[in-house]
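J.: just the structure for this:
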Amino acid sequence: MDRALYGPEGFFRRPAGPAAHFRTSVHASPLFAAALLRLVREVDELLGQPARFTLVDLGAGHAELLLGVLGRLGDDPLARRLRPVAVELADRPSGLPDAIEWLPRAPEGISGLLVANEWLDNVPCDVVEIGPHGPRLVEVAPDGSERLGEEPNDSQQAWLEHWWPAWRTGRVGDRSEIGLMRDAAWAGAVETVDEGVAVAVDYAHAVDSRPPYGSLTGYAEGRQVPPVPDGRCDLTAHVALDACAAAAEHVADWSRRLDQRTALRRLGVTGARPDLAKAAADPLGYVRALSRASAAAELTDPSGLGAFGWLVQGVAVTTVSSLED
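T.: The predicted structure follows:
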């Protein structure tokens, strides 16, 4: 999975970028960047408006999120204090503004906001299947053919016991995805924050609602495909955000988990349609407002992007009031 996604011929190293294959919230609407900018401003206030505010986009693609935030800032004084950092293994896209740093890993000593939007679902994970003789790791060839291998090791079994307990009573053919590497990746990301907030946004599940057959799948050219690790498709699995939260507890002072529908609404994104009376008085304004409402509805759709999980963790700051109940 690691080689297929991030190797020399890996999916995420291709020039077209992820946007050529699937739409994230960033691609769906500029309202997502607007919501993140509001969060940036809140964290900036919590930090006392430092001389340098670092905004890190972890798994940045072509830096669409950072471009959206910068575009909305314009000549705002915050723009002069903002340090936008795109973290991505692929080569820097041509034409990207010089203001955006391009790094292969998150910088240390962040004072600001770190955002990992649909990053953790692409951190490699081992898959376990219950076979005739008990749980076994699933081994996969580059052509997608599979076989059952060894038993999970002690660390993997301990993770399953705690975070995917249903595997113990599962039936032959049931699968689990072991989140150890995701936990370590997220904890490492939060550890780069000296003061500020870290946010992970992804399709997620909780300990009491894990999918019995797992969720590993592939995406290519806008459609779901078999998860063949040949570098030609995205390989993704939903994230145990509760386990990730626990893995970073030694760093974070507080944690909050909520769904995207709730988070974006609290950050000012709603799908409310404009008053029809406005259509006669200001037709163009009505059309623009209607377009914004449609985009907001897509971002907050509980059966789509609105079902994403948000994990918000703070380091050396008080909680973000807009995301509180």
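J.: for residue 117, which non-adjacent residue is spatially closest?
T.: Nearest non-adjacent residue to residue 117, counting by C-beta to C-beta, 6 or more residues apart in numbering: residue 201, 4.6 Å away. Bear in mind the C-beta positions are built from the backbone N, C-alpha and C, glycine included.
J.: OK, contacts around that neighbour?
T.: Going by C-beta atoms under 8 Å, 6 or more residues apart in numbering, residue 201 touches 25, 115, 116, 117, 118, 260, 308, 309, 310, 311.
J.: residue 43 in helix, strand or coil?
T.: Of the three states, residue 43 takes helix under DSSP: H, G, I helix; E, B strand; the rest coil.
J.: just give me the neighbour total for residue 34.
T.: Residues contacting residue 34 under the criterion other C-beta atoms under 10 Å number 19.
J.: could you work out the most separated pair of the contacts of residue 201?
T.: Greatest spatial distance in the contacts of residue 201: 25 and 311, 15.0 Å, computed using C-beta to C-beta.
J.: how near is the residue nearest to residue 117 to residue 267?
T.: According to C-beta to C-beta, to the nearest Å, residue 201 and residue 267 sit 12 Å apart.
J.: same check, this time on residue 302
T.: Taking C-beta to C-beta, one finds residue 302 at 17 Å from residue 267.
J.: any low-confidence regions in the stretch 151-300 of the chain?
T.: Low-confidence segments of the stretch 151-300 of the chain (pLDDT under 70): 271-283, 285-296, 299.
J.: meant to ask about the stretch 1-150 of the chain
T.: 16-23, 28.
J.: so where do the helices sit in it?
T.: Secondary structure of the stretch 1-150 of the chain (DSSP state H, counting those that start in this stretch): helices located at 2-6, 25-28, 31-46, 64-73, 77-81.
J.: including distance to residue 140, could those helices go into a markdown table?
T.: Output for the helices of the stretch 1-150 of the chain, formatted as a markdown table (distance: least, C-beta to C-beta, whole Å):
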| stretch | distance to residue 140 |
| --- | --- |
| helix 2-6 | 9 |
| helix 25-28 | 29 |
| helix 31-46 | 33 |
| helix 64-73 | 31 |
| helix 77-81 | 46 |
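J.: go through those and name the closest to residue 235.
T.: Within these, the stretch nearest residue 235 is helix 2-6; the backing value is 5.9 Å (C-beta to C-beta).
J.: ok so, going back, got phi/psi on the residue nearest to residue 117?
T.: phi -120, psi 120 (degrees, to the nearest 10).
J.: give me the beta-bridge partners of residue 138?
T.: residue 148 (DSSP bridges).
J.: hang on, the earlier thing: which stretch among the helices of the stretch 1-150 of the chain comes nearest residue 89?
T.: Between residue 89 and those, the shortest gap by C-beta to C-beta is with helix 2-6, which sits at 5.5 Å.
J.: could I get the buried residue list for the closest one?
T.: For helix 2-6, burial by neighbour count (16 or more other C-beta atoms under 10 Å) applies to 4, 5, 6.
J.: of residue 302 and residue 267, who's got more company?
T.: More crowded of residue 302 and residue 267, by other C-beta under 10 Å: residue 267, with 20 against 11.
J.: circling back to that earlier point, closest to residue 11 among the contacts of residue 201?
T.: residue 118 (13.5 Å).
J.: excluding sequence neighbours, find me the nearest residue to the closest one.
T.: Residue 118 sits nearest to residue 24 (C-beta to C-beta, 6+ apart), 5.0 Å away.
J.: do the same with residue 50
T.: Closest residue in space to residue 50, ignoring its immediate chain neighbours: residue 111 at 5.4 Å, by C-beta to C-beta, 6+ apart.
J.: got it, and residue 131?
T.: residue 148 (4.8 Å).
J.: so that neighbour versus residue 132, what's the distance?
T.: Taking C-beta to C-beta, one finds residue 148 at 9 Å from residue 132.
J.: pick out whichever of the two has more residues nearby.
T.: residue 148 (17 against 7).
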